[in-house]
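>>> structure of the sequence below:
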Amino acid sequence: HTDVVPPGDLNNWKTNPFNAVVKNGKLYGRGSSDMKSAIASFVVAAIRFLDENNLKFNGTLSLLLTADEEGDAEFGTKSVVKWLKKKKMKIDYCLIGEPTNPNKLGEMIKIGRRGSVNFFLEIFGSQGHIAYPEKAINPIDSILNICSKLNEPFDRGSKNFQPTTLIISSIDVSNKVTNLIPGKANMRFNVRFSDNFKSKEIISIINKRIKSITTKYKLKSKVSGESFLNQSEILTNSISESIKKVTNINPILSTAGGTSDARFISEICPVLEFGSIGKTMHKTNEMVEIKNIKKLTEIYFEFLKNIFYR
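Modelled structure (predicted):
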């Protein structure tokens, strides 16, 4: 996916975020790290592989590119997976070019991801004058207690997954004056969960925790994806050996980080993620080193040889 998000304050950019600019051996631009450079490397590696094999090899090779990965992601990979299922078309393996490496190219392969649920909570109180709190019910008091309750541990993680975490992203009462107790309060939060849970279980736990504080609430949830671990020995060895050959690094197998389109692909075939260094993704002055684009291309080329000629 091209994965281009808003650039933020343009004054914080040293270059135009929507132009590709090369300076000091680095390519700057929005989406350069996450993950346009991987797309470029995929394409060049595929062309080289096809040229060197005169288009003759045992299998088929497809590229799936989408601009719809951030946000709801309803019309990109998710739709293609539905189409593939409907057409009964089989994919043996999939590699996604997410920027999986924290600091150095070759460090990490993603073999799965935690699940994710977004929550939208509305707490109801009773509006009143701030000088007469006994005549009102302040929903902020409930919100504070709910925050404490929600932040209780869910688990300790599992063999392949980090512990489940809950992060509060917004608390708002839309109060413009100082002498008014608001009638309701809103909160947004996200839960990233390990393979110890399904999303339905997480939603049930959240409801129970809120109900232990108050029953005057409305909760909405949107599941971004279930946790998954879907690799194969052939796929994992093929990319690992390619990384080792090009970088001389033995990559770590990880499930850390956010969600990706792999959550949709995992429904139909083994899937791994490996791409560039993610240190600057989504940040101002996002960049990728030219030498690493070339190395990534070489890794993908070696991967294609490994996967088709093992």
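
>>> where along the stretch 51-200 of the chain do the helices fall?
77-87, 139-150, 199-211 (DSSP state H, counting those that start in this stretch).

>>> any idea which of the ones you listed scores lowest on pLDDT?
Lowest mean pLDDT of the helices of the stretch 51-200 of the chain: helix 77-87, a mean of 92.

>>> tell me which other helices or strands it touches.
helix 262-265 (3 or more C-beta pairs under 8 Å, 6 or more residues apart in numbering; DSSP states H and E). For the C-beta atoms, the positions are set from N, CA and C on the backbone; glycine is no exception.

>>> average pLDDT for the helix ranked longest in the chain?
Determined from DSSP state H, the single longest helix within the chain is helix 290-308. In this model, helix 290-308 carries a mean pLDDT of 96.

>>> now it, how far from the chain's geometric center?
Chain-centre distance of helix 290-308: 23 Å, with C-alpha atoms, centre = their mean, to the nearest Å.

>>> give the buried residues for that helix.
292-293, 295-307 (16 or more other C-beta atoms under 10 Å).

>>> tell me the one of the residues you listed nearest residue 95?
Nearest to residue 95 among the buried residues of helix 290-308, counting by C-beta to C-beta, is residue 303 at 6.8 Å.

>>> these two touch, right, that closest one and residue 93?
No - using C-beta atoms under 8 Å, residue 303 is not in contact with residue 93; the gap is 9.9 Å.

>>> follow-up on the earlier one: let me know the closest of the buried residues of helix 290-308 to residue 111.
residue 303 (15.0 Å).

>>> give the closest residue to that closest one in space, chain neighbours not counted.
residue 242 (4.3 Å; C-beta to C-beta, 6 or more residues apart in numbering).

>>> distance of that neighbour from residue 106?
10 Å (C-beta to C-beta, to the nearest Å).

>>> check residue 275 too.
Applying C-beta to C-beta to residue 275 and residue 106 gives a distance of 11 Å.

>>> between the two, who's got more neighbours?
residue 275 (30 against 24; other C-beta atoms under 10 Å).

>>> residues contacting the more buried one?
34, 35, 37, 38, 96, 97, 98, 99, 100, 101, 296 (C-beta atoms under 8 Å, 6 or more residues apart in numbering).

>>> same check, this time on residue 28
Counted by C-beta under 8 Å, 6+ apart, residue 28 has contacts 14, 15, 20, 21, 22, 285, 286, 287.

>>> run through the bridge partners of the fifth one.
On DSSP bridges, the residues paired with residue 22 through beta bridges are residue 27.

>>> same check, this time on the last one
Taking DSSP bridges as the rule, residue 287 bridges to residue 28.

>>> and the gap between residue 209 and residue 152?
7 Å.

>>> which one's more surrounded, those two?
More crowded of residue 209 and residue 152, by other C-beta under 10 Å: residue 209, with 16 against 9.

>>> contacts only, for the more buried one.
Residue 209 neighbours (C-beta under 8 Å, 6+ apart): 146, 149, 150, 152.

>>> quick one: which of the residues you listed has the most company?
Within the contacts of residue 209, residue 146 tops the neighbour count with 25 neighbours, counted by other C-beta under 10 Å.

>>> touching, it and residue 187? I think so.
Yes - Residue 146 lies in contact with residue 187 (C-beta under 8 Å); the separation is 7.5 Å.

>>> between the two, which contacts overlap?
In contact with both residue 146 and residue 187: 121, 123, using C-beta under 8 Å, 6+ apart.

>>> tell me the contacts of the residue with the shortest distance to the centre of the chain?
Central residue of the chain (C-alpha atoms, centre = their mean): residue 259, 2.7 Å from the mean position. Contacts for residue 259 (C-beta under 8 Å, 6+ apart) come out as 113, 114, 116, 224, 225.

>>> check residue 242 too.
Neighbours of residue 242 in contact, by C-beta under 8 Å, 6+ apart: 299, 300, 302, 303, 306.

>>> before we move on, what SS does it have?
helix (DSSP: H, G, I helix; E, B strand; the rest coil).
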